[in-house]
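[1] quick check, what structure comes out for this input:
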Amino acid sequence: MRILIGVPSPDSWGGPAACEPPFAEALRAAGHQVKEVVYVHGDKVERASVIARFRRVLKTAEKLRTALKTERFDIVHLNTSFDLKTILRDAYCIYRMPSGSHRIFLKMHGSDARSFKNAGPVLSRLIRYIARRADAIGVLSSDERSDFIALGFDESKIYRVLNVVELEGVYDRSPARRDAAALLFVSRLIPTKGVLETINAAKILKDQNYSILLTVVGDGEIRRDAEALASGLSMNDEIRFTGYVAESEVARHMASSNIFVFPTRHMEGLPIALYKAAIAGLAIVTTPVRSARDLMSDGENCLFCESEPTDIAAKIARLIGDARLMQSMADNNRKFRETLSREKVAGEYLAMYSEMVTM
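    Model (predicted):
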């Protein structure tokens with residue numbers, strides 16, 4: 001099978017940049033021909049201007065068009081999401097694709113289809129165009145699948161899919177700290193990911209005389225706000241910020257932590273950091289958002305919390321006080337290593353691709 005994949009640029013942050021390269025490698029290892037073109041451009045902290053984005057879309061569309069005119073592919077796999085910018089980009093790029101026998105697959109790394117139910121006439125027409133031209137849509141949770149069906153997408157075209165999740169570097173757990181509970185937050189620092197709530201929860205735990213150390217890994221638009229909040233709460237000794245670090249360094253932080261805290265209210269797909277924490281054998285406190293609700297069980301893989309600091313703190317305190325629960329949760333979570341391995345995930349995609357080419 002010949003597969004053309006639209007991938008994130010190498011300097012992108014976030015889940016797609018972490019999960020797509022090993023996925024493409026697994027497809028090649030299974031004997032398939034894979035060509036990659038950059039489809040998603042990372043803006044990191046500084047956002048590109050509207051003009052720069054427009055030029056990137058034009059350039060991207062022409063790269064796809066050229067590849068499809070000069071080579072034959074069975075599948076065009078585009079990593080995307082579902083918001084205003086990506087709807088405009090996807091519609092234009094698909095429009096510019098030459099006719100051929102290839103099948104178009106759109107993998108949604110998070111989506112907000114529900115918010116487009118009452119879109120205006122122009123946007124609604126673009127959405128209908130994407131729904132008609134795409135041969136299959138991949139979503140990362142059952143909630144997203146329901147939202148796309150409600151928006152009018154053909155149910156038979158919508159597949160629930162997974163990401164490859166691998167933890168680079170250290171897998172062996174470091175000895176557990178005895179002087180403090182080692183808490184870890186890893187994410188892009190934006191308001192909906194829950195870093196401010198996590199910091200406030202840490203303050204509640206300190207006031208309740210729990211000994212904790214919270215490490216915040218990541219960068220983003222509210223990093224300064226987060227650091228100012230920690231300082232204003234006199235938590236400089238209990239909270240440290242690393243900024244953006246390499247994946248191997250993320251693994252080191254996970255190996256030396258006890259509890260992963262991720263009270264997100266973001267429209268998550270399958271958050272890579274959450275499942276890396278699981279693979280690393282951490283106990284987890286997180287909100288029951290999308291794939292977490294599908295793949296994790298409360299009390300077995302995590303403690304589900306609300307996004308309020310008081311509830312986050314209460315769930316962390318429960319884990320600190322129950323070593324047996326923390327250990328059983330860690331043991332259960334290591335099993336995600338097989339579920340989200342590159343070989344297993346690639347095999348599931350290849351089965352889906354086979355269905356698509358015989359449609």
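
[2] would you put the C-alpha positions of the helix or strand that contains Ala351 in CSV?
    Using DSSP states H and E, Ala351 maps to helix 342-357. Provided in CSV are the C-alpha atoms of helix 342-357 (Å, rounded to 0.1, in the frame of the first residue of the first chain):
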residue,chain,number,x,y,z
ARG,A,342,3.4,1.6,17.3
GLU,A,343,2.9,-2.0,16.0
LYS,A,344,-0.6,-2.4,17.4
VAL,A,345,-1.8,1.1,16.4
ALA,A,346,-0.4,0.8,12.9
GLY,A,347,-2.0,-2.6,12.5
GLU,A,348,-5.4,-1.1,13.3
TYR,A,349,-4.9,1.8,10.9
LEU,A,350,-3.9,-0.6,8.1
ALA,A,351,-7.1,-2.6,8.6
MET,A,352,-9.0,0.6,8.3
TYR,A,353,-7.1,1.6,5.2
SER,A,354,-7.9,-1.8,3.6
GLU,A,355,-11.6,-1.1,4.2
MET,A,356,-11.3,2.3,2.6
VAL,A,357,-9.6,1.2,-0.6
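
[3] now do it: which elements does it pack against?
    helix 15-29, strand 75-82, strand 103-111, strand 136-139 (3 or more C-beta pairs under 8 Å, 6 or more residues apart in numbering; DSSP states H and E). Placement of C-beta: from N, CA and C, glycine included.

[4] want to throw these into CSV with mean neighbour count?
    Putting the helices and strands packed on helix 342-357 into CSV (neighbours: other C-beta atoms under 10 Å) gives the following:
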stretch, mean neighbour count
helix 15-29, 20
strand 75-82, 24
strand 103-111, 24
strand 136-139, 25
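
[5] would JSON lines of these with mean pLDDT be doable?
    What follows is the helices and strands packed on helix 342-357, written out as JSON lines (pLDDT from 0 to 100):
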{"stretch": "helix 15-29", "mean pLDDT": "91"}
{"stretch": "strand 75-82", "mean pLDDT": "96"}
{"stretch": "strand 103-111", "mean pLDDT": "94"}
{"stretch": "strand 136-139", "mean pLDDT": "97"}
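
[6] Lys344 is nearest to which of those?
    With C-beta to C-beta as the measure, helix 15-29 is the member of the helices and strands packed on helix 342-357 nearest Lys344 (9.1 Å).

[7] what angle separates the helix or strand following that closest one from helix 15-29?
    Read in the C-terminal direction, the helix or strand following helix 15-29 is strand 33-40, with elements assigned using DSSP H and E. Interaxial angle, strand 33-40 versus helix 15-29 (axes from the mean of the first three to the mean of the last three C-alpha atoms, to 10 degrees): 170 degrees.

[8] now render the helices and strands packed on helix 342-357 as a markdown table, adding distance to Leu167.
    Conversion of the helices and strands packed on helix 342-357 to a markdown table gives the following (distance: least, C-beta to C-beta, whole Å):
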| stretch | distance to Leu167 |
| --- | --- |
| helix 15-29 | 10 |
| strand 75-82 | 21 |
| strand 103-111 | 19 |
| strand 136-139 | 23 |
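
[9] do you know which of those lies nearest Glu308?
    Taking C-beta to C-beta, strand 103-111 is the member of the helices and strands packed on helix 342-357 nearest to Glu308, at 22.9 Å.

[10] residues in contact with the helix or strand just after that closest one?
    The C-terminal neighbour of strand 103-111 among helices and strands, as given by DSSP H and E, is helix 121-133. In this structure, residues lying in contact with helix 121-133 by C-beta atoms under 8 Å, 6 or more residues apart in numbering are 84, 87-88, 90-91, 94-95, 104, 106, 116, 119, 151-154, 157.

[11] closest one of those to Arg56?
    Taking C-beta to C-beta as the measure, Arg56 lies nearest Leu88 of the contacts of helix 121-133, at 11.9 Å.

[12] which helices and strands sit right next to the longest helix anywhere in the chain?
    If each helix of the chain is counted by residues according to DSSP state H, the longest one is helix 50-70. When contacts are defined as 3+ C-beta pairs under 8 Å, 6+ apart, helix 50-70 sits against strand 2-8, strand 33-40, helix 84-96.

[13] could you chop the protein up by domain?
    Residue ranges of the domains in the chain are recorded as 2-164+341-357, 181-339, according to automatic domain parsing.

[14] winner for burial among these?
    Highest mean neighbour count of the domains of the chain: domain 181-339, a mean of 20 (counted as mean count of other C-beta atoms under 10 Å).

[15] end to end, how far does that one reach?
    Across its full length, domain 181-339 reaches 28 Å between end residues, using C-alpha to C-alpha, to the nearest Å.
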